[in-house]
Structures are given as structure tokens and as C-alpha cells.
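1. What follows is a protein structure lacking sequence information:
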């Protein structure tokens, strides 16, 4: 179960990282070759072309190939917590103060191994602040968690929006 959970997590996190084209929507030879095309195959091929040749990375560092790093990256998809159906597991683990889902959440937030037990304790103490209602959304849970982390001197460094 642990391997499946972590494998799913890393898959979703990697998808998150590619949600907005790094360097902009016009960045790289792949985007040039497949310009004007729509659909998953065209996007996949453009991304693969950019990734295998490294031209988008070169373009972002040199400002060429239609790339720019001035704009903020965005993500318009569902939260990884909601996508994985982890809300119930996370709420149970947070209520207990320990568990695989809570540890996974700490890892995703970038909490260092030496701070994870403390993170579990703090989120357990603030369970009612994080899970305010029975109908709380994954985005609410994440925002509420960030608010709790910001108020804690030891965990504030982890309260950064991705």
C-alpha cells in the first residue's frame, strides 16, 4: 500500500510540474514544430521533443527559442489530494497525529525528515483549523495547512505556495 501511495504521489507531482509549459506556451522546438495543433498527442509530442533535445531548457536560460521565464507558473487542475482520494486518509491520520497519508503530505510540502514528527504534532493540534467543516475541499485543506504552518516559527519555512 505504501509503495502504491508513494508511486501515485510522485506521478501526480510530476504531472503538476508540467501543468503549465515552463518557459511559456511558445517555448521550444516542439512547440514550433506542432504550432497550431490541438489535443493530447500534439501536446505530448511537443513536450517530448522539448524534453529529449533539451532545447526548452536552453531557451529558458538563454532567452531564445520563444522561451521566457518572466511569467508565473500556474496550475488549473485538481489538487493532488483530491485526485488521489486521500482526503479521508489524510483527515484520519491528522486526527490521530500520524500515518502514511500525513507523512506523504509532509513530503509533498517539502518538510525535512527531522521536522516531520513535529509537523504531524502541529497539524494534529490544529486539526479543527485545517478541517474546519465536514465538506472541506482539498484546496481548503491545503490553504488552511499553509496558514497553520505560517504561524509556527519552526514550520513557517515550509509555508510556501508551489
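-> Thanks, I have it. Given the structure is predicted, the values throughout are model-derived calculations rather than measurements. Numbers count the residues shown, from 1 in each chain.
2. Domain map for this structure?
-> 20-74, 80-158 (automatic domain parsing).
3. export the ones you listed to TSV and tack on mean pLDDT and mean neighbour count?
-> All C-beta atoms are positioned from the backbone trio N, CA, C, and that covers glycine. Shown next, in TSV, are these (pLDDT from 0 to 100; neighbours: other CB atoms under 10 Å):
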stretch	mean pLDDT	mean neighbour count
domain 20-74	72	15
domain 80-158	89	16
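4. and residue 58, how far is that from residue 124?
-> Residue 58 sits at a distance of 46 Å from residue 124 (criterion: CB to CB, to the nearest Å).
5. What of residue 118?
-> For residue 118, the distance to residue 124 (CB to CB) stands at 11 Å.
6. So what's the gap between the one helix or strand residue 104 maps to and the chain middle?
-> Applying DSSP states H and E as the criterion places residue 104 in helix 100-108. A distance of 12 Å separates the centroid of the chain from that of helix 100-108, by CA atoms, centre = their mean, to the nearest Å.
7. Great, nothing more from me.
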